[in-house]
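Q: Got a sequence here, can you build the structure:
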Amino acid sequence: MTESLTLAPRRLKAHNTVALPGSKSISNRTLLLAALADNACEIRSLLKSDDTDRMLEALAALGIKLETTPSGSLKIQGSGGAFPVKHADLFLGNAGTAFRPLTAALAILGGDYHLHGVPRMHERPIGDLVDALRLAGARVDYLGNAGFPPLRIHERADNGMRQIPIKGNVSSQFLTALLIALPLTGEAFEIRVAGELISKPYIDITLNLMKQFGVSVANQSHQVFRLPENARYHAPQVVNVEGDASSASYFLAAGLISGCPVRVTGLGRNAIQGDVAFAHELEKIGGTVQWGDDFIEVSRAAGQAVLPFDLDANHIPDAAMTLAVVALATGAPCRIRNIASWRVKETDRIAAMATELCKLGATVREDPDAIRITPPAALTPNAAIDTYDDHRMAMCFSLVSLMGVPIIINDPKCVGKTFPQYFDVFNALSA
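A: From the prediction side, this is the model:
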C-alpha cells in the first residue's frame, strides 16, 4: 500500500532561513570529473541523495578510491583519465545525471560494461547520445528497445572522426556527457549541435566545472564547442558544491505565496546554476527579491497579488515545475511554454502535472511542449496527489498547503532522489 503524507493548511513564521542541500547537477558532474582527474580532490557540501549514491556506487565499482574525511567531506583520488576496473555491472537507478555522463565516459574509454536502471530509466531516451558516441568510434549495444537503456559497452575503435554532431532538443545531458567524455581521448574534437539546444544554463554548469578541472572549451553561441587536444583533468584541491537552485525554488515560491520572507543560503548572486533565474521570474509576478553573495530571499509586499504569467521556461525546466503550482495562487489563466523536455524526465511531467492539478479543481490543457492552467474559484481540499516516483512532483505540490487547503502527498519518500529531508525542512517553516 502506498504511503501518504497529509499536509495541513499552514501559515509560515515571520521569517525563515533554509540551508540548501548541495546541487544535484553540480554534485554528480563534480564526482565524475574528480574521478577522472590526475590528482586528489576534496568535495565539500556534496549532496547526499539517491542520485549521488548511485554515482558513488558506480565509481567505487570502477575502482575509484573514495574516503570520507573527519569533517564529513569526500576525498576522491582521481584515476588519471582511465578507470582501473574494465569490467563492471552498474545499476544507476533513475539518475540521469549519472547514467548519461557515465555512458559517454565508459564508451570513450572502452571496456566491458553493463549499464542499467529502474524501469523508468529504461523508458528515458539515450539514442541521440549513443549515435554521437558511435560516430566517435564507441561500440554500444542496446539490450532492450533501440534508443533506450539498458546498454552494453565494449572496447572503442578510434575511427579518426573529430567532428561530432549531437541533437540538442531532447536533453542537454547528452551534450554534457560528450563534453566531459571526449577530452579523455587526448584528441581535439568539435561538437556541433543540430537544431536548438534546450536548457543552455545546464551546459554552462558543465563548461564552468570543466574549466575548474583544467579543461577549457571554446563555446560558439551554444552551437559549436571545440575541445582542445592533449587535455587532461586536474582537480582543484577543494571544490565547494553550491546549494541546489532547483530545490531552492520551493522555498522561494513559499515566500511569494505566503508573503512571509523566506531566505535560502548556499546560493547567491554569483551562482553558476541557471535555475537561480527562477527568482527573477518570481519578481515579475509580484515577489520581492533580495540577493546576497550566499543567499536569496523572497517575500511579497502587503496588498501585492500573485500575478498570472505566460512564460517561456526553456532556461529553467526543473524550477518551472514549481510555477505550475504557483499558478493556482494567481486566480487567472497561466501558461508555461517550451518545456518539451518535461516529457522525458523522471515521468512525463506535463501529463503528470496536468492530471494532478485537475484533482485540485484546475482546468488544464496539455500541449506537446506547454501546459495551460486555469485555477478554480476554490481549491479542492484533501486532494490525493500521485507523485509518479518523481521527487519534484512531491515537492511542488507541498506548496498547496500554503493556499488554505489540506493536501495529501502519496509516496512522499520519493523526495529521496535529491532532498531526503525535504518535508522535515518544509514543515519547520510553519508558525
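
Q: At which residues are the helices of the protein located?
A: 24-36, 50-61, 96-109, 127-135, 172-181, 200-212, 245-258, 277-284, 320-326, 349-359, 391-397, 422-427 (DSSP state H).

Q: Any chance of a markdown table for the ones you listed, columns mean pLDDT, mean neighbour count and distance to Asp312?
A: C-beta coordinates here come from the backbone N, C-alpha and C atoms, glycine included. As requested, those are exported to a markdown table (pLDDT from 0 to 100; neighbours: other Cβ atoms under 10 Å; distance: least, Cβ to Cβ, whole Å):
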| stretch | mean pLDDT | mean neighbour count | distance to Asp312 |
| --- | --- | --- | --- |
| helix 24-36 | 97 | 28 | 21 |
| helix 50-61 | 97 | 21 | 27 |
| helix 96-109 | 98 | 26 | 23 |
| helix 127-135 | 98 | 21 | 23 |
| helix 172-181 | 97 | 26 | 16 |
| helix 200-212 | 97 | 19 | 13 |
| helix 245-258 | 98 | 28 | 17 |
| helix 277-284 | 98 | 20 | 10 |
| helix 320-326 | 97 | 27 | 10 |
| helix 349-359 | 98 | 21 | 15 |
| helix 391-397 | 98 | 27 | 19 |
| helix 422-427 | 98 | 17 | 28 |
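
Q: Distance to Gly266 for those - can I get that in a markdown table?
A: Formatted as a markdown table, the helices of the chain follow (distance: least, Cβ to Cβ, whole Å):
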| stretch | distance to Gly266 |
| --- | --- |
| helix 24-36 | 11 |
| helix 50-61 | 16 |
| helix 96-109 | 19 |
| helix 127-135 | 31 |
| helix 172-181 | 22 |
| helix 200-212 | 15 |
| helix 245-258 | 8 |
| helix 277-284 | 14 |
| helix 320-326 | 18 |
| helix 349-359 | 25 |
| helix 391-397 | 17 |
| helix 422-427 | 13 |
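
Q: any idea how far Ile126 is from the residue nearest to Ser258 when sequence neighbours are not counted?
A: Spatial nearest neighbour of Ser258, chain neighbours left out: Leu12 (4.5 Å); criterion: Cβ to Cβ, 6 or more residues apart in numbering. According to Cβ to Cβ, to the nearest Å, Leu12 stands 41 Å off from Ile126.

Q: Between those two, which has more neighbouring residues?
A: Legend: neighbour count by other Cβ atoms under 10 Å for Leu12 and Ile126, higher for Ile126 (29 against 19).

Q: The more buried one is in contact with Ala104, isn't it?
A: No. With contact defined as Cβ atoms under 8 Å, Ile126 does not reach Ala104; the gap is 10.0 Å.

Q: Measure how buried the spatially closest residue to Leu47 that is not a sequence neighbour is and give me the count.
A: With Cβ to Cβ, 6+ apart as the criterion, Leu47 has its nearest non-adjacent residue at 3.8 Å, and that residue is Gly22. Counted with other Cβ under 10 Å, the neighbours of Gly22 add up to 24.
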